[in-house]
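S.K.: Turn this into a structure:
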Amino acid sequence: MTAPRTTRLLANAISDPRQFLQSLYQAAVRRALPLHNTAAYLPKPPKGRTLVLGAGKAGGAMAQAVEALWPVDAPLQGLVVTRYGHTPPREAAFRHLPWRIEVVEAAHPVPDAAGLLAAQRIMALTQGLTKDDLVLCLISGGGSALLTLPVVGLSLEDKQRINKALLSSGANIGEMNCVRKHLSRIKGGQLAAACAPARVVTLAISDVPGDDPSVIASGPTVPDATRCADALAIVKRYRIEVPPAVLAQLESGALETPKPGNAAFAGHEVHMIATPQQSLQAAAAAARAAGLEAHILSDDMEGESREVGKVHAALARAVALKGQPFNKPCVILSGGETTVTLRPQPAGVAEGRGGRAGEFCLGLALALQGQAGIYALAADTDGIDGMGDNAGAYVAPDTMQRARILGMKLDAYLDRHDAYGYFDALGDLVITGPSYTNVNDFRALLVL
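M.R.: You can find the predicted model right below:
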């Protein structure tokens, strides 16, 4: 890259920080798109038939990637479930190809009847598989809610209630998915066990800290090292109400999942085709191409979103005011999956709207207190923060000042978890629509 071009890109970052931060987010998302990452991991067509099964927010795009890359003359069929509105338009170059994998949509983050039907159909498709067959499983974040098949004694309504309780409890993703596995007939390796004796190859897009395949979508195709006792302890720790009959099964170990070493997993393969770290590296490369230093803190940060925001604010202020631990101008990047613990609201106070990224931005803005020269964007890489229509939000030095002019107190919005209301009033929501992939939270701070 020539020096004049680098100078121009740096000038653009300084003159339009919001657009620059959005370009880093877009670079991160592009790196995780299935069509860019699938070809290298596809196995050869088997002697028998190939069955494609899958679930997750990236499920529709992953299915389309397989459709485009799989030999036209090789048999292919299957069913994949994704979130409502997350089936991408078909790439123009592939519209003439036959449509062989069915993609259906269901609810996320709280499961619905469509997800239940999809899980039932997926399990039915595993019947009659032979050792000559290949099952290609496409797994991405969100699959836990989309692939719901409750254990006997647990209704869909029970599952919905438990899922809502887990989401608002403050439990981390590993804890939530441990419970989900043991209350399911398809998660925690049970889908792979149902595919025996066929060969199973799992292509996964990671949205979890550490890229553990047993946590992504609650690991339907990989062994589960957690036990009923672990799920029981989590249920009790967070006071999650479970029907007595199901609680008794957890206590007795009757709901145990297939463990490492189980013969059902012999010969199976798991490939991570996109990860949070890869997306952060892509964003860092884009920042460096603009002449800025870029620093990746971590791709697996966890904790309360507002508290993580405060920590990022302290670091950015140190850079802005003291030139440590990094020199400015620079970009600070991080990823992972934070949590939001919902607090009961006083009578007459409506609970707000928002997700992890928005709550991070509220905590960040509160801690920055309008510090000059610091701009930030936090967004979920699937394009949806929580249950809103925004991916996340943008913070600038004048965020709190503009809010005060409108009579808005940040503390009040933070207390009722209303990041959406706060940033919507300021015109600072980041709205992208579904991205058709999911490598979890993306956070970028620009310090000038």
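S.K.: Please verify my assumption that residue 147 contacts residue 55.
M.R.: Yes - in this structure, residue 147 is within contact of residue 55 by C-beta atoms under 8 Å, at 3.9 Å. C-betas here are computed from N, CA, C, even on glycine.
S.K.: Of the two, which one has the most company?
M.R.: When residue 147 and residue 55 are compared for neighbours, residue 55 comes out ahead with 37 against 30, by other C-beta atoms under 10 Å.
S.K.: per-residue pLDDT, the closest residue to residue 205 other than its chain neighbours?
M.R.: Nearest non-adjacent residue to residue 205, counting by C-beta to C-beta, 6 or more residues apart in numbering: residue 140, 4.1 Å away. Residue 140 is assigned 97 on the pLDDT scale.
S.K.: Next: the one 10 residues further on.
M.R.: Model confidence at residue 150, given as pLDDT, is 96.
S.K.: unless I'm mixing things up, residue 241 is touching residue 164, no?
M.R.: No - if you go by C-beta under 8 Å, residue 241 and residue 164 don't touch, sitting 10.9 Å apart.
S.K.: And those two? Which one has more around it.
M.R.: More neighbours surround residue 164 than the other of residue 241 and residue 164, with 14 against 11 (other C-beta under 10 Å).
S.K.: For stretch 353-364, give the mean pLDDT please.
M.R.: Averaging pLDDT along stretch 353-364 gives 95.
S.K.: which other residues reach that stretch?
M.R.: Around stretch 353-364, the neighbours that count as contacts under C-beta atoms under 8 Å, 6 or more residues apart in numbering are 305-310, 312-313, 337-340, 376, 378-380, 384-388, 390-395, 410, 413-414, 417-423, 441, 443.
S.K.: Please pick the buried ones from those residues.
M.R.: In those, burial by neighbour count holds for 305-306, 308-310, 312-313, 337-340, 376, 378-380, 384-386, 388, 390-395, 410, 413-414, 417-423, 441, 443, counting by 16 or more other C-beta atoms under 10 Å.
S.K.: Please narrow those to those residing in helices.
M.R.: Of the buried ones among the contacts of stretch 353-364, the ones assigned to helices by DSSP state H are 305-306, 308-310, 312-313, 410, 413-414, 419-423.
S.K.: Residue 231 and residue 181 touch, don't they?
M.R.: Yes - in this structure residue 231 lies within contact range of residue 181 using C-beta under 8 Å: 7.3 Å.
S.K.: Of those two, which one has the most company?
M.R.: Neighbours of residue 231 and residue 181, each counted by other C-beta under 10 Å, are more numerous for residue 181; the result is 28 against 25.
S.K.: where's the more buried one, which helix or strand?
M.R.: Using DSSP states H and E, residue 181 sits within helix 173-182.
S.K.: for that helix, what is the average pLDDT?
M.R.: 94.
S.K.: Surely residue 97 forms part of a strand?
M.R.: No - counting by DSSP: H, G, I helix; E, B strand; the rest coil, one finds residue 97 to be coil, located in no strand.
S.K.: Count the neighbours of it for me.
M.R.: Close neighbours of residue 97, defined as other C-beta under 10 Å, add up to 14.
S.K.: How about residue 168?
M.R.: A count of nearby residues for residue 168, using other C-beta under 10 Å, gives 16.
S.K.: can you map out the helices along the stretch 1-150 of the chain?
M.R.: Counting by DSSP state H, counting those that start in this stretch, the stretch 1-150 of the chain has helices at residues 3-15, 17-31, 34-37, 59-69, 113-125, 143-146.
S.K.: by contact count, what packs against the longest one?
M.R.: With contacts defined as 3 or more C-beta pairs under 8 Å, 6 or more residues apart in numbering; DSSP states H and E, helix 17-31 has these neighbours: helix 3-15, helix 276-289, strand 374-380, strand 441-447.
S.K.: Dihedrals phi and psi, residue 201?
M.R.: Dihedral pair for residue 201: phi -120, psi 120, per degrees, to the nearest 10.
S.K.: still on that earlier bit, which residues are in contact with each of residue 147 and residue 55?
M.R.: The overlap between the contact sets of residue 147 and residue 55 (C-beta under 8 Å, 6+ apart) consists of 81, 118, 119, 122, 217, 220.
S.K.: Quick one: residues contacting the first one.
M.R.: Right, residue 81. Contacts of residue 81 (C-beta under 8 Å, 6+ apart): 54-55, 59, 103-106, 114-115, 118-119, 122, 146-147.
S.K.: Check which helices and strands the helix holding residue 181 sits against.
M.R.: The contact analysis (3+ C-beta pairs under 8 Å, 6+ apart) places helix 173-182 against helix 143-146, helix 156-169, helix 228-237.
S.K.: Residues touching that helix, excluding its own?
M.R.: 144, 151, 162-163, 166-167, 171, 187-188, 208-209, 212, 215, 218-219, 224, 226, 228, 230-231, 234-235, 238, 240, 250, 255-257, 302, 337.
S.K.: Which helix or which strand is home to residue 362?
M.R.: Element membership of residue 362, judged by DSSP H and E, is helix 356-368.
S.K.: picking that back up, just the helices of the stretch 1-150 of the chain: most buried one?
M.R.: Most buried of the helices of the stretch 1-150 of the chain, by mean neighbour count (mean count of other C-beta atoms under 10 Å): helix 143-146, with a mean of 30.
S.K.: Let's see that one as CSV, backbone CA atoms only.
M.R.: The C-alpha trace of helix 143-146 is given here as CSV (Å, rounded to 0.1, in the frame of the first residue of the first chain):
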residue,chain,number,x,y,z
GLY,A,143,-28.5,-23.6,17.6
SER,A,144,-29.4,-24.3,21.2
ALA,A,145,-32.7,-22.4,20.9
LEU,A,146,-33.3,-23.4,17.3
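S.K.: Which strands or helices does that helix pack on?
M.R.: Packed against helix 143-146 by the contact rule (3+ C-beta pairs under 8 Å, 6+ apart) you find strand 50-55, strand 77-83, helix 113-125, helix 173-182.
S.K.: Report the distance from that helix to the chain centre.
M.R.: 11 Å (C-alpha atoms, centre = their mean, to the nearest Å).
S.K.: Tell me which residues are up against that helix.
M.R.: Applying C-beta under 8 Å, 6+ apart, the set of residues contacting helix 143-146 is 54-57, 59, 81-83, 106-111, 115, 118, 163, 176-177, 180, 187, 216-218, 220.
S.K.: Try it again at 7 Å.
M.R.: Helix 143-146 has contacts (C-beta atoms under 7 Å, 6 or more residues apart in numbering) with 55-56, 81-83, 106-111, 115, 163, 177, 180, 187, 217-218.
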